[in-house]
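A.B. asks: Sequence and computational prediction follow.
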Amino acid sequence: MRDIIGFFLSLVCLLHCVGLPFLLPLLTQVGHGFEEESVHFALLAVVTVYTAVILWPQASSKIRLISGTGLMVLYSAMLVHGHSAESLLTVAGSLLLMASHMLNLRQGHSRTDACVDE
């Protein structure tokens, strides 16, 4: 379940980046806040903490490498100015994080929140 949540957090980053330019004209009043840098920092902070606390402790080194690379790409996107380069990096980083969660789920390393029978 935790990898599914992580997958969807990464998907939120992806949708935020790709979908926001199309939604801004429709959401003129609400949409302005979503382009603020503080929103990007907040999303990245949540994704980073979730990855470090939930994914990394029980993931293989391959999955930690993929997700760590995804996080580094997302952090790089914060440093790049220009919508197309920033978007490309954000999409790449989000896809890497999504892939790491799906790989972890497939390998059966995902912890569940359910009680285990003793």
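C.D. replies: On my side now, so go ahead.

A.B. asks: all strands for the protein, in order.
C.D. replies: Taking DSSP state E, the chain contains no strands at all.

A.B. asks: any idea which helix or strand of it has the worst average confidence?
C.D. replies: The weakest-scoring helix or strand in the chain, judged by mean pLDDT, DSSP states H and E, is helix 28-31 (a mean of 52).

A.B. asks: just the helices in the chain please.
C.D. replies: Using DSSP state H, the helices of the chain run over 2-23, 28-31, 37-50, 61-79, 83-106.

A.B. asks: hey, which of these is tucked in deepest?
C.D. replies: Most buried of the helices of the chain by mean neighbour count (mean count of other C-beta atoms under 10 Å) is helix 83-106; its value is a mean of 19. C-beta here means a position set from N, CA and C on the backbone, and glycine is covered the same way.

A.B. asks: rank the helices of the chain by pLDDT, which is bottom?
C.D. replies: Ranked by mean pLDDT, the helices of the chain bottom out at helix 28-31, which scores a mean of 52.

A.B. asks: Spit out the contact partners of M98.
C.D. replies: Applying C-beta atoms under 8 Å, 6 or more residues apart in numbering to M98 gives the contacts F7, S10, L11, L14.

A.B. asks: Report the contact partners of the first one.
C.D. replies: Spelled out, that is F7. M98, H101, M102, L105.

A.B. asks: how about 10 Å then?
C.D. replies: L97, M98, A99, S100, H101, M102, N104, L105 (C-beta atoms under 10 Å, 6 or more residues apart in numbering).
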